[in-house]
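A.B. asks: here is a sequence with its predicted model. Questions after.
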Amino acid sequence: MTIKPLVILPDPVLRQLSKPVERIDDSLRKLADDMLETMYDAPGIGLAAIQIGEPLRMLVIDLAKEDEKRSPQVFINPEILSRSDEGSVYEEGCLSIPDYYAEVERPASVRVKFLDRDGKEQEVDADGLLATCLQHEIDHLNGVLFIDHISKLKRDMVIKKFKKLAKDRQPSRMVG
């Protein structure tokens, strides 16, 4: 398994619409394994393929706590079938927006249809942290970031900060 570099805001790749997975084969399963390894290394609880520069509709999640056995889940071509009217607020963060957290309100529960890593169609009724995580990661597949769910003022401040950080990371040109 390989740890992949994460795509960080303001990279426009994060705004791309991910394409449906056409074929589930060993190379796709290896990508899922690499995504899990990258997520664990970060460390995080969810990762969409676009966050490592792969515009495919696939995400991985593992909500196991540090002292629990890992419980990796792979969702290929996930689709939200229904959302509850009831809302739930969680403080969210994102591996592509390091060290920034904000409270986001989302539907408290969702029903999601997806293919597992063997290509079998599955459905899951999710609530709590799983519902939040699935919605967060599926948003990534649609080019939506969690900061799109906060006020425009806060979002603009975050984007400005990350643009400055990206500019500061670029090597300066020597004039000679």
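C.D. replies: That came in fine, so what should we check first?
A.B. asks: may I see the buried residues of the worst-scoring helix or strand of the chain on mean pLDDT?
C.D. replies: Sorting the helices and strands of the chain by mean pLDDT, DSSP states H and E puts helix 152-169 at the bottom, at a mean of 93. By neighbour count on 16 or more other C-beta atoms under 10 Å, the buried set for helix 152-169 is 155, 158, 162. Bear in mind the C-beta positions are built from the backbone N, C-alpha and C, glycine included.
A.B. asks: what of stretch 26-41?
C.D. replies: Residues of stretch 26-41 classed as buried by neighbour count (16+ other C-beta under 10 Å): 28, 31-40.
A.B. asks: distance from that stretch to the middle of the chain?
C.D. replies: How far stretch 26-41 lies from its chain's middle: 13 Å, per C-alpha atoms, centre = their mean, to the nearest Å.
A.B. asks: run through who's touching that stretch.
C.D. replies: Residues outside stretch 26-41 that contact it (C-beta atoms under 8 Å, 6 or more residues apart in numbering): 1-4, 6, 21, 45-47, 49, 52, 54, 56, 58-60, 62, 70, 72, 74, 76, 95, 117.
A.B. asks: how about stretch 130-138?
C.D. replies: With C-beta under 8 Å, 6+ apart as the test, stretch 130-138 has contacts from 45-48, 59, 61, 63, 75, 78-80, 88, 90, 92, 94, 104, 106-110, 112, 124, 126, 146.
A.B. asks: fine, thanks again, bye for now.
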